[in-house]
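S.K.: Prediction below, plus the sequence it came from.
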Amino acid sequence: MIDTDPSVAEERREKSSDSVSRPGVKVIMSGEMSQSTKVCILAGLEEGDDAPLSEILLNALECPVCMEYMVPPIVLCESGHNICDQCRPKLPICPACRRPFLKARNIALETLAQGLRYPCRNRHLGCPEVYPMSLISKHHLICQHRPYECPLKVPGGCSWKGAAIYLYYTEYNRGAYGKSRIGWVRPLSALSVRHQQHLRCSRRERQYGVIMKHVTEEHERFVMLTHESSNVLENLTVTPGYTQVIFAHGEIFLMRSRLQKDKFHSAVQQIGAKSSTPTFLYEFRLLAEDGVRSVSFCNLVYGDSQDIQTLNNAGNCVRLDYDVIRRFMYANTLPYKLRIDRITSGDSGPLIQIY
């Protein structure tokens, strides 16, 4: 064992400190590094220099195919070009160099991405939001500026598209409605004028509600303008599915029903939900012709970002055997009542009642 004079040891430490404290060099123990510091070191930038981070690093993260900013996993080709995980399955070779893709990820670029704040992909439509990489995907699902296809695209083949920001409206004076077999419906002659007075959106007050306008003008027979209504599903055993658009509580909902493999499924979804947490519930009720027998089913209203088939498979819907619903059918039609309400603190979860 070699003894060292304390004064000599102290002198050595000071010299060592001087050697690593020269201008332009900063030594930080890895355990003391923040994520943003690591990003700056990897990029050769000074911490706090936001302009280069947003311009240089985000440009490096731009997918050459879809032009959106990439999030992990980021895939490489043999020449080192990057492509996002969404575009990779669509292409057999790299679009830049025509070389094959590797079964490897660009870990260095993914590390840089973790310290960045991503602008919303709907920024060209007016969304100003910026989120960390870990949260940007969740925002995209509920972004109020995202483009939205016609709710009746699947059953009706409609190709119309609009912006989700124009979904929200104030409810009409119900006394002016006309009653039809699908509920309370305002005549189309009055809709175009009244919409301009009553529709509103989250960013421009009294903005014309383009989605509501399109649906009520082009698909009137599939529209209901009240939170509670009675309706009939016709030709249930031969029609592949039904979609109803419901305007209630200042929101827009979709009711989707179908009979598949001797199982009846029906679910209500909210278009353009601002949160992934359900804030509405619905009651679906079947009543027999004798007025005595009935089935009542309550469930949560989930956002339209969730696939309807996923909801059905998970049981987050009305799901009844055909043997049950045929007791409430007559002439191959199924009468039902639907009610949508806001969730209150006393509301419980899904409930089914058979009388």
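M.R.: Happy to help now that I have it.

S.K.: Identify the spatial nearest neighbour of Arg87, chain neighbours not counted.
M.R.: Quick fix: residue 87 is Cys, not Arg. Val65 (4.1 Å; Cβ to Cβ, 6 or more residues apart in numbering). C-beta: built from backbone N, CA, C; applies to glycine.

S.K.: What spatial separation is found between that neighbour and Asn122?
M.R.: 18 Å (Cβ to Cβ, to the nearest Å).

S.K.: repeat for Leu152
M.R.: Per Cβ to Cβ, Leu152 is found 23 Å from Asn122.

S.K.: cool, His145 as well?
M.R.: 4 Å.

S.K.: Pass me the low-pLDDT residue ranges in the chain, would you?
M.R.: Of all residues in the chain, those with pLDDT under 70 make up the ranges 1-54, 154-156, 163-209, 345-355.

S.K.: any idea how it splits into domains?
M.R.: 30-119, 147-354 (automatic domain parsing).

S.K.: which residue ranges form the helices in this protein?
M.R.: Listed in chain order, the helices of the chain (DSSP state H) span 6-19, 35-43, 50-52, 58-60, 107-114, 133-142, 153-156, 188-198, 210-218, 308-314, 322-325.

S.K.: Alpha carbons of the fifth one, in PDB - could you do that?
M.R.: Translated: helix 107-114. This file holds the C-alpha atoms of helix 107-114, laid out as PDB (Å, rounded to 0.1, in the frame of the first residue of the first chain):
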ATOM      1  CA  ILE A 107     -31.400   4.200 -32.300                       C
ATOM      2  CA  ALA A 108     -29.400   7.500 -32.400                       C
ATOM      3  CA  LEU A 109     -32.100   9.400 -34.100                       C
ATOM      4  CA  GLU A 110     -34.800   7.800 -31.900                       C
ATOM      5  CA  THR A 111     -32.800   9.100 -28.800                       C
ATOM      6  CA  LEU A 112     -32.800  12.600 -30.300                       C
ATOM      7  CA  ALA A 113     -36.500  12.400 -30.900                       C
ATOM      8  CA  GLN A 114     -37.200  11.600 -27.200                       C
END
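
S.K.: could you check the angle helix 133-142 makes with it?
M.R.: 70 degrees (axes from the mean of the first three to the mean of the last three Cα atoms, to 10 degrees).

S.K.: May I see the buried residues of helix 107-114?
M.R.: By neighbour count on 16 or more other Cβ atoms under 10 Å, the buried set for helix 107-114 is Leu109, Glu110, Leu112, Ala113.
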